[in-house]
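**Q** Fold the following.
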Amino acid sequence: MIENEGRPEPNIYSIAAHRGFADALVAGIVPRYSEPTVGLARLTLLVPSTRAARTISEAFIRHAGETGRSGLLMPRMVAVGDLDLDEKLGALLDPLGASEIPPAAEPMRRWLDLAELIAIEREGMGRDPLPGAARLRLAKELARTMDRLLVEEKTPDDLFDARVLDKLGELSGHWQDSLRLFAGVQARWRSALAERGEVDTATRRNLLFDRAAKKWRAEPPANPIVAAGVTSTAPALARMLRVVADLPNGAVILPDLDLSLGEDAWEELGRAGAPRDAGGEVFGSKDALTHPQYHLKLLLNRMGIAREEVRSWHRKGLTAAPPARTHAISSLFLPPEASRSWIKLEPGKRRLSGVRLMTSATSEEEAQAIALLVREALQEEEKRVAVVTADRSLARRVVQHLSRWNIEADDSAGRALSLTPAGRLLGLLADIASHGPEPAALIGLLAHPLVRSQDNEARRQWLSALRRFDRKLRGSVLASGLMPYREVASHAGVEEWWNEVEALLEPLCSENAEIGLSEALDLLASAADALSDGGVWAREDGRALSTLVEEVRLHARAVGTMLAPGDLAGVLRDAMDEVAVRPPYGGHPRVSIYGLLESRMARADLVICAGMSEGSWPQAPSADALLAPAVLRVLGVPGAEYRIGLAAHDLAGALGAPEVVLCRAHRDAEGPTLASRFVLRVEALLGEMVDQHREERISRLLPAIDRAPEQVARCPRPEPKPSEKQRRSVDIKVTALDRLLGDPYQFYAAEILGLRALDPLVPDPFNDPALRGTLVHDVLDAWHKARASDPALPIVPFADAEFARNRVHPLFRGLWQPRILAALERFEAWVKEGEADGRKVVATEASGAMVVEGVRVRGRADRIDRLPDGKLAIVDYKTGGPPTAAQVEAGYALQLGLLGLIARDGEFQDGEMMLSGDAEAFEYWSLAKKEGEFGHVDIPMKVGRKQTGLLPEQFLPEHEAYLAEAIQSYLLGSKPFRARENPDYPGFSDYDQLMRLEEWLVGLSESASGEREGGGPA
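**A** Model (predicted):
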């Protein structure tokens, strides 16, 4: 703390929240510092960031327009630099002549160096080495912790202070290990810096602040210097601000320091950097770090200024709110003990006129409601609107909803580089380099908007080839690597296109155990450039990506950073997440969308504070990963809850606008949300008046935005009537007859229109029965054919080898293979028992066909056996439960019977062998579990103890009747292919959307219900 003995009263002011900081600042500065000829050109404004400089510049322009000035020479604005925004100091504080201060280490080089030092230190501690991605992530956390300590002017030697060592014994083992690792890496890093003659960026900032303070104290500048809106509590900056406040023509202007807060409440905030005893803790365990005034109290204490010395700034801005608002904000954020006064609080100090609370069901509805509020506000001339939210996903949704009304709003907080088109392209390439060319990543990469984007005709041809390739790729289970895709490209007829793709991607598919980070980035950048014809670097996101890639590979080459290829995607994504890409100017002049950092000092007539849920506003404080809270407190560093207080101060500033809407959603993408503690305090403060502040009008308007102006006619039940030629042009598959009778529309869509549901790009081996069934059928077919030369061939090792050869997914093998092998082992036993009784397998996966009344009926039999009496047995394999005899009798499972008819009236072909004859036995061999064991045989007829189903002598005649009915009614007749002819038919849902099922099914139910109520047929 700086003593103030013998010094004049400091020039320090506070602008109340209701006055609007930027506009009130300009309204007071212009008459105080402007000169007739040079205007404000002699004035220097110290501002917290370049974002703040832009906000104040806009306020100067508004002031000039309001006062009728034809021109204005604005002051010189110098950014103090915000480490959170990765901003550098302005030239005034970091002049070219400051050669006595060592240069700062490059942040990117420091990150990579720290990762190497972590590996060395962990090895010295006898710990296992960390993977590359984890090591680099830990290096980033370690760098943040180092900066946090350096800003607070804590050196590595402070870690060995007696008080810290005393605390060490009270910590758990992992905190002790983290502290040792941190201290060891710090020592190694300090040695490396000394060798290079460099210092950390935070240290250099502190030195520059002290240099400026010393210079201005010794020789006060002739021109005025004013620090406006700077609230950083760094000790070195606080000392410089104190010097500025003591200058004859200097001043410090703070945003919303609560001068009306009672002395008891001010004391309740805690020590805030002022120890009660010499050498005592500067932060108490009960300090109110989450209070919006705490960081301002800490700043005043470090400046050595009492709150009573701060004067009110009596000018107000163009967007000032009623003075009562500041009193209400002060009452709203009273600390716990002081908030007991709410019981006796006068209505005037509870009044929050102009503040509304809006609650939506989902975050999507919240975004729509915010967009509607913005559009409504813009109907008023000159009215400015600001949307402030920490939820970037919500901000993007608001931008999208506003665009429907041609309102282009820029999100000044920007997007993470990894979410931009250029970042996504490089990220997809990195995914392929890390995990191989998996189908989803491959198609996502090749269809990326930047690929061949510089030539419309080239992109059209590229996408045409890609679509053909994509169609053939779907449903396939491929081995790893690029080689299997050649066969897919050949089947799609795009070999030449694939050769070009393969030449670009082959360098990325390295099989080395490690690769240099710089070399990997060279390969990724080269591939991205070639795929996009240079378009990846063309826009603002591409320029940011280019800068990042150049910095990382430059320093990675110098450091020699190596990592496993599998870590590359994660490392690159982490690096891109740290880079915010902000849009260029050009959005709507009266609409702004801010993050919490960007919103500081900004002002508008209507401020919408969005995403007011716990975890978003305030964001959940993340504890330091390396230093325990108790250690930080001993060192004199604010805890993680400190940022909650900053978020509260951001809200307090936003609440000073003339109109404020606090909005939140009950649910977001992850599930139910909790209301922000700040919203709950607002509701508690308003008490019985809270219902008067609910914004419900917008929520009532939302459902009407997209409502059709006229009632849409009810969709009729589809009953297509194809032509005679179309009907006679199709075959009947044995698996489609029950579909033709149960839901003719599905047959019409699949067989006559030729429409098929697209297979997934990446089949799900856990939830795709067709994929599982194909695999089992292939194994059984191959086993039966192999037994022709080796009758004793056991099925279990054979199947295991087939799974390995087909590169079956490891998790699939772990989950399903034991069950499948157990069932196949029983199948083998039954086959051998049948052979002992004279039953012989004569064909597997045999294709068969017959012609009935000119209509071709075809199908494939999984297996055909010859029985001892010469008749045939038709066997169908099922990976799940087989159809019941009752389902077969009802016509819902006609496959086996039709295969029997083909055997009798047509023929089957297995290779060069032709097979026909009377079928007597029909069996389902299922892999499903029954009576405690996997695998069982089921006969779909009324035999044994079965009470339902067709008798054996009825089985084929009944199927023949079903077939004749279908042919006569649909293929040779004129019956319409009505949707859901039989409502009980358990068909597929592939065509439900095509038949618009949901639109007419309800009406059909209502009609049937009405007929029953009126006594009609049920």
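**Q** What are the boundaries of the helices in the stretch 301-450 of the chain?
**A** Using DSSP state H, counting those that start in this stretch, the helices of the stretch 301-450 of the chain run over 324-332, 347-350, 363-377, 392-403, 421-435, 439-446.
**Q** Turn those helices into TSV, columns for mean neighbour count, mean pLDDT and distance to residue 237.
**A** Quick note: C-beta positions are derived from backbone N, CA and C, even for glycine. Formatted as TSV, the helices of the stretch 301-450 of the chain follow (neighbours: other Cβ atoms under 10 Å; pLDDT from 0 to 100; distance: least, Cβ to Cβ, whole Å):
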stretch	mean neighbour count	mean pLDDT	distance to residue 237
helix 324-332	22	81	26
helix 347-350	13	70	34
helix 363-377	22	93	36
helix 392-403	20	91	29
helix 421-435	23	94	33
helix 439-446	19	92	46
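**Q** Now tabulate those in TSV and tack on distance to residue 144.
**A** Output for the helices of the stretch 301-450 of the chain, formatted as TSV (distance: least, Cβ to Cβ, whole Å):
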stretch	distance to residue 144
helix 324-332	32
helix 347-350	40
helix 363-377	29
helix 392-403	20
helix 421-435	22
helix 439-446	31
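**Q** Which among those helices is found nearest to residue 871?
**A** Distance to residue 871, taken as Cβ to Cβ, is lowest for helix 439-446 among the helices of the stretch 301-450 of the chain, at 46.2 Å.
**Q** What's the separation between residue 535 and residue 464?
**A** Separation of residue 535 from residue 464 (Cβ to Cβ, to the nearest Å) stands at 19 Å.
**Q** what about these two, which has more around it?
**A** residue 535 (21 against 12; other Cβ atoms under 10 Å).
**Q** show me the contacts for the more buried one.
**A** 450, 453, 454, 542 (Cβ atoms under 8 Å, 6 or more residues apart in numbering).
**Q** of all those, which two lie farthest apart?
**A** So, the contacts of residue 535 by Cβ to Cβ: farthest apart are 454 and 542, at 12.4 Å.
**Q** Neighbour count: these two, which is higher?
**A** Using other Cβ under 10 Å as the criterion, residue 454 and residue 542 rank with residue 542 on top: 24 against 13.
**Q** roughly how far apart are that one and residue 423?
**A** Going from residue 542 to residue 423 by Cβ to Cβ gives 9 Å.
**Q** quick check: longest helix of the protein.
**A** Secondary structure of the chain per DSSP state H: the longest helix is helix 810-836.
**Q** That one: how far from the chain's middle?
**A** Computed by Cα atoms, centre = their mean, to the nearest Å, the separation of helix 810-836 from the middle of its chain amounts to 42 Å.
**Q** For the next helix or strand after that helix, the averaged confidence score.
**A** Per DSSP states H and E, the first helix or strand lying C-terminal to helix 810-836 is strand 840-852. Averaged across strand 840-852, pLDDT comes to 94.
**Q** Paired strands for strand 840-852, with orientation please.
**A** Paired neighbours of strand 840-852 in the sheet (DSSP bridges): strand 855-866 (antiparallel), strand 907-910 (antiparallel).
**Q** closest to residue 955 out of those strands?
**A** Of all the strands paired with strand 840-852, strand 855-866 comes closest under Cβ to Cβ, at 15.8 Å.
**Q** tell me the angle the very next helix or strand once past that closest one makes with helix 810-836.
**A** Downstream of strand 855-866, the first helix or strand assigned by DSSP H and E is strand 872-878. On the basis of axes from the mean of the first three to the mean of the last three Cα atoms, to 10 degrees, strand 872-878 is oriented at 160 degrees to helix 810-836.
**Q** same for strand 872-878, what does it pack against?
**A** Applying 3 or more Cβ pairs under 8 Å, 6 or more residues apart in numbering; DSSP states H and E, one finds that strand 872-878 contacts helix 769-786, strand 855-866, helix 895-905, strand 919-930.
**Q** Any chance you could list what contacts the following helix or strand past it?
**A** Later in the chain than strand 872-878, the nearest helix or strand by DSSP H and E is helix 885-889. Helix 885-889 is contacted by residues 893-894, 896-897, 939-942, 946, 948-950, 958 when judged by Cβ under 8 Å, 6+ apart.
**Q** how about stretch 152-159: buried residues?
**A** 152, 154, 156, 158, 159 (16 or more other Cβ atoms under 10 Å).
**Q** middle-most residue in the protein, spatially?
**A** Centroid check for the chain by Cα atoms, centre = their mean gives residue 393 as the closest residue, at 8.2 Å.
**Q** what's near enough to touch that one?
**A** 363, 669.
**Q** Begin at 99, not 1, for the rest of this chat.
**A** Okay, using 99 as the starting number, the last item reads as residue 491.
**Q** Next one: it from residue 498, what distance?
**A** 11 Å.
**Q** Over to residue 187?
**A** Counting by Cβ to Cβ - residue 187 and residue 498 are separated by 37 Å.
**Q** got it, and residue 918?
**A** 47 Å.
**Q** ok, now residue 608?
**A** 39 Å.
**Q** Restricted to helices, list the contacts of helix 983-987.
**A** Reading helices off the contacts of helix 983-987 with DSSP H, I get 994, 995, 1056.
**Q** Quick one: those as a markdown table, columns for neighbour count, pLDDT and distance to residue 689 too.
**A** Shown next, in a markdown table, are the ones in helices among the contacts of helix 983-987 (neighbours: other Cβ atoms under 10 Å; pLDDT from 0 to 100; distance: Cβ to Cβ, whole Å):
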| residue | neighbour count | pLDDT | distance to residue 689 |
| --- | --- | --- | --- |
| 994 | 25 | 94 | 67 |
| 995 | 27 | 94 | 69 |
| 1056 | 17 | 94 | 71 |
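**Q** List just the nearest of those residues to residue 791.
**A** Closest approach to residue 791 among these (Cβ to Cβ): residue 994, at 70.2 Å.
**Q** pretty sure that closest one contacts residue 1039?
**A** No: with contacts counted by Cβ atoms under 8 Å, residue 994 stays clear of residue 1039, the gap being 9.6 Å.
**Q** which residues are in contact with both of the two?
**A** 986, 1020.
**Q** How about the contacts made by the closest residue to residue 783 other than its chain neighbours?
**A** Residue nearest to residue 783 in three dimensions, not counting chain neighbours: residue 430, with 5.2 Å by Cβ to Cβ, 6 or more residues apart in numbering. By Cβ under 8 Å, 6+ apart, residue 430 lies in contact with 750, 753, 779, 780, 783.
**Q** mind redoing it with 10 Å?
**A** Counting by Cβ atoms under 10 Å, 6 or more residues apart in numbering, residue 430 makes contact with 390, 437, 440, 447-448, 450, 453, 746, 749-750, 753, 776, 779-780, 782-784.
**Q** Show me those that map onto strands.
**A** residue 453 (DSSP state E).
**Q** And stretch 679-689, how far out from the chain middle?
**A** Computed by Cα atoms, centre = their mean, the chain-centroid distance of stretch 679-689 equals 24 Å.
**Q** how about that stretch: buried residues?
**A** Applying 16+ other Cβ under 10 Å to stretch 679-689 flags 679, 681, 685, 688, 689 as buried.
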